[in-house]
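Novice: Got a sequence here, can you build the structure:
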Amino acid sequence: MRAGGLSKPAQSGFVLASAIFLLVIMAALAAFIVQVSVASQTASAQDVQGARALQAARLGIEAGLYAVQVDGDCPGATLSNVSGLNGFTVTWTCTPYAFTESAVIRTIWQITSTACTTNGTSCPSATAAELQSADYTERQLVVVTEK
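Specialist: Coordinates of the predicted model:
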């Protein structure tokens, strides 16, 4: 007892409650930062895959244009595991449309190229599970040319 007969009031537990509150807030903040970081890295990886798929689809368009302009025919084809574009399958098709202009028969070719990350034999994938996967990437380009 102190002089005068009064005892010191108990304040134990106030600092402990504040420390627990701060720890909970800091843990929630850290979890949020980790979640944002993972989402950012996933979006970045998907952007890269999208760009690679676009380049693979351009490869199919170039192959179709070559077939039409040089060979005069375009049966279409499928390529798998192209160097530099591993993991992508490219399928292109060509559709001819013949018409007559000033007594000259001409042909317009529509070339459709589809590139995707599939385990199958052609694009687009025919597997529902693969189409719904977060790792599946697909791009399609269409070009029209005349021969």
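
Novice: which residue is nearest the centroid of the protein?
Specialist: Q46 (3.8 Å; CA atoms, centre = their mean).

Novice: show me what contacts the nearest residue to that residue once chain neighbours are set aside?
Specialist: Spatial nearest neighbour of Q46, chain neighbours left out: T137 (7.2 Å); criterion: CB to CB, 6 or more residues apart in numbering. Quick note: C-beta positions are derived from backbone N, CA and C, even for glycine. Listed by CB atoms under 8 Å, 6 or more residues apart in numbering, the contact set of T137 reads Q46, Q49, G50, R52, A53, C116, T117.

Novice: per-residue confidence at T137?
Specialist: Note for T137: predicted pLDDT of 90.

Novice: Which residues are in contact with A30?
Specialist: Contacts of A30 (CB under 8 Å, 6+ apart): none.

Novice: Shouldn't it be within a strand?
Specialist: No: counting by DSSP: H, G, I helix; E, B strand; the rest coil, A30 is located in no strand; its state is helix.

Novice: Distance-wise, check it relative to L23.
Specialist: For A30, the distance to L23 (CB to CB, to the nearest Å) stands at 10 Å.

Novice: Now for the two: what residues contact both?
Specialist: With CB under 8 Å, 6+ apart as the test, A30 and L23 reach no residue in common.

Novice: rewinding a little: quick one, phi/psi of the residue nearest to Q46?
Specialist: phi -130, psi 140 (degrees, to the nearest 10).

Novice: Then the one 4 residues further on?
Specialist: Note on L141: its backbone torsions stand at phi -120, psi 150 [degrees, to the nearest 10].

Novice: Remind me which helix or strand the closest residue to it other than its chain neighbours belongs to.
Specialist: Nearest non-adjacent residue to L141, counting by CB to CB, 6+ apart: A57, 4.6 Å away. Element membership for A57 (DSSP states H and E) is helix 14-66.

Novice: I am finished for the moment; much appreciated.
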